[in-house]
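J.: Quick one, what's the 3D model for this:
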Amino acid sequence: MTKKDIPVIKNRWYFIILAAVLLLVGLVSFIISGFNRGIDFESGLGMRVQLAPSGISVGYTGADSAKLSIASSTLSLEIRGENGVETHAFDSVAYPTVADLASAMGKVSGITVNVYDGTLKTANVLSGYGFPATLSETPVVINFANSGTVTIDQVRSSLASLGNVKIQTVGAAADQVFQIRVGLNEKDTQSSVESAITSALDTAFGADNVVVLQSDFVGPKYSSSLLRGSVVSILVALALILVYIWIRFRFAYAISSIIALCHDVFLLLGFISVCRFEVSSTTVAALLTIIGYSLNNTIVIFDRVRENVKLDKAGSFPAIIDHAVTQSMSRTLMSSLTTMLAIIPLAILASGDIKLFAIEMLFGVFVGTFSSNFLAPVFLNWITAGQAKRKAAKAEAKAVAKK
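T.: Down below sits the predicted model:
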């Protein structure tokens, strides 16, 4: 081995101490505040709402069936009767303002239109939770996105009476989109919680100014079964990895890689706890992805170790490990950097679950690179040395018994 090899085994305690400190920080954070469990793993209702002014209301007084749908800033009106189907399309190009839109829709037989704000832009029309909508004499309110000044603190204050409520801003603050999560009481149903949220928001910000974009309900049984399934999937993945490396290499290699992978999992969970990121099915996907990424790096290094042992049977095992890590370092750095370059734009520009997944992946790639190069080889050296000592002790015991 050369003097230019990275002294991994010599500096092993620095790596172990660094890993232990980071794990301890994550553990303390978990003990103090636990995980910020998402709607996937905690029973409750998740609702995405947008505060937007109402532009018009549309009703239908005819004898036929009328349905209004919204897609890509185009309003489509479909009237079905004995004489067939009558369709009308109103797009933002032909009718740029709400006043233009209302004038055109009002010309359709049986349609009644009431204008609240004719200056709003038709291109900003919102398709909420209730669309496509069946029209009747009771008018349907249509909202249009507009820059607002409502803060997340105001939304939080308006829903304080509901108890266990978590609120996040989605996108730019001017978009006025908020993600609301409400924990369930024993007798709560989806409709009752939805009604309570919309009623509180209507009271605070004006009736018909709240658009429900999405609503997800998770019951206690489903959330607990999903959490169990996620934990089992991670454990099964680790068990299969253990068997695979045991077969491909030896038991010492398998145990070393599993310890390093467990380090990656716990460190990523600690990072999520410290940053108060939401733990959801996206987190499970990130964990499984990082396990695969870290394992790939570890196998490359272990393959080098095995080859070097065959080539230099008289060399010391720590020196062989140092040389193997050094040989694969350029490959590891290139793969890690290119992976990070692909993920960084998502972490910066994306939003929601994709942004969360990208941030967790960035941290996971860094952790996986560290563990595969500086922890798994150290564990392999310790376990191999221990096995050699036990083998020597057994041989000595046999020799004494023979004498």
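J.: Only C-alpha atoms from now on, for both contacts and neighbour counts.
T.: Will do.
J.: now the strands for the chain?
T.: 36-37, 44-51, 54-60, 65-71, 74-81, 84-91, 111-115, 133-135, 140-143, 165-170, 177-183, 210-218, 278-279 (DSSP state E).
J.: could I get those strands as CSV with distance to Leu288 and mean pLDDT?
T.: Listed next are the strands of the chain as CSV, based on distance: least, C-alpha to C-alpha, whole Å; pLDDT from 0 to 100:
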stretch, distance to Leu288, mean pLDDT
strand 36-37, 18, 75
strand 44-51, 25, 83
strand 54-60, 45, 90
strand 65-71, 37, 90
strand 74-81, 41, 90
strand 84-91, 45, 90
strand 111-115, 52, 91
strand 133-135, 41, 90
strand 140-143, 41, 89
strand 165-170, 26, 80
strand 177-183, 26, 82
strand 210-218, 23, 79
strand 278-279, 14, 80
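J.: Of those strands, give the one that comes closest to Ser328.
T.: Ranking those by proximity to Ser328 (C-alpha to C-alpha) places strand 278-279 first, at 33.9 Å.
J.: strand partners of that closest one, parallel vs antiparallel please.
T.: In the sheet, strand 278-279 lines up against strand 36-37 (parallel) (DSSP bridges).
J.: ok, and what's touching the partner strand?
T.: Contacts with strand 36-37, where a contact means C-alpha atoms under 8 Å, 6 or more residues apart in numbering, come from 273, 276-280.
J.: pretty sure Thr122 is touching Ala145, no?
T.: No - using C-alpha atoms under 8 Å, Thr122 is not in contact with Ala145; the gap is 9.4 Å.
J.: between these two, which one's more packed in?
T.: Thr122 (27 against 23; other C-alpha atoms under 10 Å).
J.: how about the more buried one, what does it touch?
T.: 73, 91-92, 95-98, 101, 144.
J.: what does Asn124 give?
T.: Counting by C-alpha under 8 Å, 6+ apart, Asn124 makes contact with 73, 144-146.
J.: Export the strands of the chain to a markdown table and append columns for distance to Ile354 and mean neighbour count.
T.: Listed next are the strands of the chain as a markdown table, based on distance: least, C-alpha to C-alpha, whole Å; neighbours: other C-alpha atoms under 10 Å:
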| stretch | distance to Ile354 | mean neighbour count |
| --- | --- | --- |
| strand 36-37 | 17 | 17 |
| strand 44-51 | 16 | 24 |
| strand 54-60 | 31 | 22 |
| strand 65-71 | 24 | 18 |
| strand 74-81 | 28 | 18 |
| strand 84-91 | 31 | 14 |
| strand 111-115 | 38 | 18 |
| strand 133-135 | 31 | 18 |
| strand 140-143 | 28 | 22 |
| strand 165-170 | 13 | 16 |
| strand 177-183 | 15 | 21 |
| strand 210-218 | 17 | 18 |
| strand 278-279 | 12 | 20 |
